[in-house]
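Student: Here's my sequence, what's the structure:
(2 chains)
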Amino acid sequence: MVDILKKLTNAVSVSGAEEDVSNVIRELIKDCADEIKNDALGNLIAVKKSGKADAKKIMMAAHMDEIGFMVNFIEDSGFIKTAPVGGINWTAVAYGEVLFRSGLKGVIVPEGKTWPNEYNSAKMYIDIGAKDKADAETKVKIGDTCTIAPKVVELMNNRIAAAKLDDKIACVVLIQALLEMKNVKPAHDLYFVFTVQEEVGLRGARTAAQGIMPDYSIAVDVTGTGDTPECYPMASKVGSGAAIKIMDSSVICHKDMINLMMKTAAEKNIAYQSEILTGGGTDTAVMQSAGLGSIAGAISIPSRYIHSGVELCSMDDVRACVDLLKASLDKIMQGAI
Amino acid sequence: MNLINKELLKKLCLAFGPSGNEDEVRDIIIDEIKNKADDYYVDKVGNVIAFKKGAKTPGKKRLFAAHMDEVGYMVTSVDGEGYLKIKPVGGIENAVVLGKQATVGEKRLTAVFGGKPIHLLNGDEARNSRSNIYLDIGVRKKEEEKKDENNKNNNKEEKKEEQKPVEIGEFAVFKSEYSEFGQNKVKSKAIDDRFGCYILLEMINAELAFDSWFAFTICEEIGLRGAKTAAHIVQAERAVIFEATAAGDIYNKKDEFDTKNKNKVCELGGGAVISLMDARTIYNKELINLALETAKNKNIKAQIKQAPTGGNDAGAIHQAGKGAETLAVSLPTRYIHSPSCVADYGDMEECLKLALELEKVI
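Tutor: This next block holds a predicted model:
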């Protein structure tokens, strides 16, 4: 699964410009679904059909967009000013390497006489080594997007630290589930959706869910942990298994879905824990309230240092998420809730 | 040569139409389209939705949208003396309105925005933007009337309903002239977004290449509310939103005159503004490229919006239903959300030309 993660994070997929990673994912799952299409906003929707006319619809979502920067202005000097896309941690990106969709590389740095607590989009610029504006314009134009350069570092205990783990690791979960279910004909219709523009307001999932009108929905995303020095209290820990979401700042998950996931995990001996995320929202919310609503929940990958460039998680937890997702789908399709 | 129908634009700009109370604007629009659109109706919240057939049926259903409402105020209490306490409907910087005129209520009374005189302000209050503005409608009860009132209050049987000139809940908008000045410039209230409505009217008046839907929306200024329902009704796959956007092309951050300053967002004279991203929407790349190419091929002046600021009906339209690919084409406007929006007739022409050319290729 780390290989899949590397393929995904190598693509620059800033919110609103996810085509490259959509193509990578499409290539990976191409034989695993009955129908694969992109909708108006660019969401990648892979459907495994049951063939039944009265089939229930189960939607899963992992977002394929990532936070990044959009070129806003090119100075006469050749330095590039950007607008942030999504919630950027400016201290974390300062003095880091960036990669543009075109393959162009640069570094993002603060202006002189600026202290770390003053870092923001106005005070930071990207240096691509250009001599002046005309030189820069041979390689870059207003509207181009870039992110921090991809990186996956393998650590002890099957843990990894990676740039852009949020939410590519969740895409890995969906892709892995799809690959393992390749020859399965589901009892109900399964929609595996790789959503766009989550980081700027859950926008892709909104339209995808409104188009699908699911009966059940499960989001897969990263969640925080409470296991590092001076962190805010949180029960979830890296290495303690798939995190079953109880609530976050955008959604209160359906208790039937929560109970189903917990019972299933216990039954199948899948390591699990619960999570409540007070400082973040997920696609779960918009899937829950689309149309007449759906029974919604989420399976999360506990991660440290989210949006930092060195987001850390355990591949054992990721494996547990895949197992829990597949087992939960089975239970839902058997009519458990 | 000026393509702009100034009489129509003036009529639209001067109409009384704050968010939630767009009737006057709606009436003008219906009057203009009733013999030109193939179909139109007013939906449950007050949007005007129109359809016009083109030479062909398009591959993707398209919607062209602009909002009818302007920023204004609502009367929250009426003082016995006749002063009106108000709250803004839409985003207005209070300092901008002091000493300016307003049109108030059903009776369209003239009023003046008042505030504490400067010699009664302490330093902090003077520095901060005014929070205690009110509307002065120029009435004051005479002493005899006040005495009569006191008597009436004592005698319950004779209590009559007072005829107030203005009631709580009535609306007020800026009152300002539509006037031309300088080099091909115009100053008026409500260019945001009566200009957008004007563009839609010109499109409905033209021979279209493809069948098109049009939405004149309500309540954009207080949260894109009309657009949400209009988009759900029409369910278009592509949408172009016509707006006015703020041009900061005078001062730079160091208070120096600098028309090319990097915080200008866009500039007057630079032509139609194409947005890449704003607070509510990341626009569709294909449509952006199409707009820029079309502008280039047809020699239409266009500029890219240089900051991801603001929001417009696209925010609601691109996320409605199954979603739509959206594009925003805007008129650069100085002093937006003030009684004196300033725009350039040349830019208006470029926006109109681009709208008509885009219709053929979108």
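Student: I figured A:K237 hits A:G224, correct?
Tutor: No. In this structure, A:K237 is not within contact of A:G224 by CB atoms under 8 Å, at 10.5 Å. From N, CA and C alone the C-beta is placed, and that goes for glycine too.
Student: ok, these two, which is more surrounded?
Tutor: With neighbours defined as other CB atoms under 10 Å in any protein chain shown, A:K237 and A:G224 compare such that A:G224 has more, 24 against 18.
Student: Pull up the overlap in contacts between A:K237 and A:G224.
Tutor: Residues touching both A:K237 and A:G224 by CB atoms under 8 Å, 6 or more residues apart in numbering or on different chains: A:P302.
Student: where does B:L292 land in three-state SS?
Tutor: Per DSSP: H, G, I helix; E, B strand; the rest coil, the secondary structure class of B:L292 is helix.
Student: How much space separates it from chain A?
Tutor: Distance of B:L292 to chain A, given as CB to the nearest CB, to the nearest Å: 10 Å.
Student: now swap in B:G105 and tell me
Tutor: 37 Å.
Student: these two touch, right, that residue and B:G169?
Tutor: No. B:G105 is beyond contact range of B:G169, at 9.4 Å (criterion: CB under 8 Å).
Student: any residues in contact with both of the two?
Tutor: Common neighbours of B:G105 and B:G169, using CB under 8 Å, 6+ apart, are B:V75.
Student: Comparing the two, which shows the higher neighbour count?
Tutor: Neighbour count, other CB under 10 Å: between B:G105 and B:G169, B:G105 has more, with 22 against 10.
Student: what's near enough to touch the more buried one?
Tutor: B:V75, B:P165, B:V166, B:E167, B:E170, B:F171, B:A172.
Student: For chain B, just list every one of the helices.
Tutor: Here chain B has its helices, by DSSP state H, at B:6-14, B:23-33, B:123-127, B:143-154, B:191-205, B:225-234, B:285-297, B:314-317, B:345-361.
Student: got it, and the stretch 1-150 of chain A?
Tutor: Remark: helices assigned in the stretch 1-150 of chain A by DSSP state H, counting those that start in this stretch are A:2-10, A:19-29, A:90-93, A:133-136.
Student: Need the CA coordinates for the third one. CSV is fine.
Tutor: Below are the C-alpha coordinates for helix A:90-93, written out as CSV (Å, rounded to 0.1, in the frame of the first residue of the first chain):
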residue,chain,number,x,y,z
TRP,A,90,2.8,28.6,7.2
THR,A,91,5.5,27.7,9.7
ALA,A,92,5.5,24.1,8.5
VAL,A,93,5.9,25.1,4.8
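Student: residues of that helix that come out buried?
Tutor: A:W90, A:V93 (16 or more other CB atoms under 10 Å in any protein chain shown).
Student: Same check on the longest one?
Tutor: Using 16+ other CB under 10 Å as the test for burial, helix A:19-29 gives A:V21, A:S22, A:V24, A:I25, A:R26, A:L28, A:I29.
Student: hang on, the earlier thing: could you dump the helices of chain B to a markdown table with distance to A:D39 and mean neighbour count?
Tutor: A markdown table is the format used below for the helices of chain B (distance: least, CB to CB, whole Å; neighbours: other CB atoms under 10 Å in any protein chain shown):
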| stretch | distance to A:D39 | mean neighbour count |
| --- | --- | --- |
| helix B:6-14 | 36 | 19 |
| helix B:23-33 | 32 | 18 |
| helix B:123-127 | 50 | 10 |
| helix B:143-154 | 65 | 10 |
| helix B:191-205 | 27 | 26 |
| helix B:225-234 | 15 | 23 |
| helix B:285-297 | 14 | 16 |
| helix B:314-317 | 15 | 26 |
| helix B:345-361 | 22 | 21 |
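Student: Same list, the contacts of B:G105, but as JSON lines with distance to chain A and pLDDT please.
Tutor: Formatted as JSON lines, the contacts of B:G105 follow (distance: CB to the nearest CB, whole Å; pLDDT from 0 to 100):
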{"residue": "B:V75", "distance to chain A": "34", "pLDDT": "95"}
{"residue": "B:P165", "distance to chain A": "44", "pLDDT": "81"}
{"residue": "B:V166", "distance to chain A": "39", "pLDDT": "89"}
{"residue": "B:E167", "distance to chain A": "37", "pLDDT": "90"}
{"residue": "B:E170", "distance to chain A": "35", "pLDDT": "95"}
{"residue": "B:F171", "distance to chain A": "31", "pLDDT": "96"}
{"residue": "B:A172", "distance to chain A": "33", "pLDDT": "96"}
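Student: which parts of the stretch 151-300 of chain A sit against chain B?
Tutor: Of all the residues in the stretch 151-300 of chain A, those in contact range of chain B (CB under 8 Å from any CB of the partner chain) are A:Q197, A:V200, A:R203, A:G204, A:R206, A:T207, A:A208, A:Q210, A:G211.
Student: any idea whether the closest residue to A:A290 other than its chain neighbours is helix, strand or coil?
Tutor: Once flanking residues are discounted, A:A290 sits nearest to A:A209: 3.5 Å by CB to CB, 6 or more residues apart in numbering or on different chains. The three-state assignment at A:A209 reads helix, by three-state DSSP.
Student: Next, the contact list for B:V89, please.
Tutor: B:P18, B:S19, B:G20, B:V71, B:G72, B:Y73, B:M74, B:F171, B:E221, B:I222.
Student: what's the distance between the residue nearest to A:H63 when sequence neighbours are not counted and A:A208?
Tutor: Distances taken as CB to CB, 6+ apart put A:E198 closest to A:H63, at 3.4 Å, once the chain neighbours are dropped. Distance of A:E198 to A:A208, computed by CB to CB, to the nearest Å: 11 Å.
Student: B:Q101 touches B:L109, doesn't it?
Tutor: No. Counting by CB under 8 Å, B:Q101 stays clear of B:L109, with 10.7 Å between them.
Student: What lies in contact with stretch B:338-348?
Tutor: Counting by CB under 8 Å, 6+ apart, residues outside stretch B:338-348 touching it are B:2, B:4, B:9, B:92-93, B:96-97, B:100-101, B:174-176, B:180, B:184-192, B:195, B:244, B:268-272, B:301, B:331-335.
Student: Tell me the buried residues within those.
Tutor: With neighbours counted using 16+ other CB under 10 Å, the contacts of stretch B:338-348 contain these buried positions: B:4, B:9, B:92, B:96-97, B:100-101, B:174-176, B:184-192, B:195, B:244, B:268-272, B:301, B:331-335.
Student: what's the single longest helix in chain A?
Tutor: Max-length helix for chain A by DSSP H is helix A:315-333.
Student: What is that one packed up against?
Tutor: If contacts are counted by 3 or more CB pairs under 8 Å, 6 or more residues apart in numbering or on different chains; DSSP states H and E, helix A:315-333 sits against strand A:57-63, helix A:165-180, strand A:216-223, strand A:242-248, helix A:255-267, strand A:295-302.
Student: I'd guessed A:E275 sits against A:V238; true?
Tutor: No. Between A:E275 and A:V238 there is no contact under CB under 8 Å: 11.7 Å.
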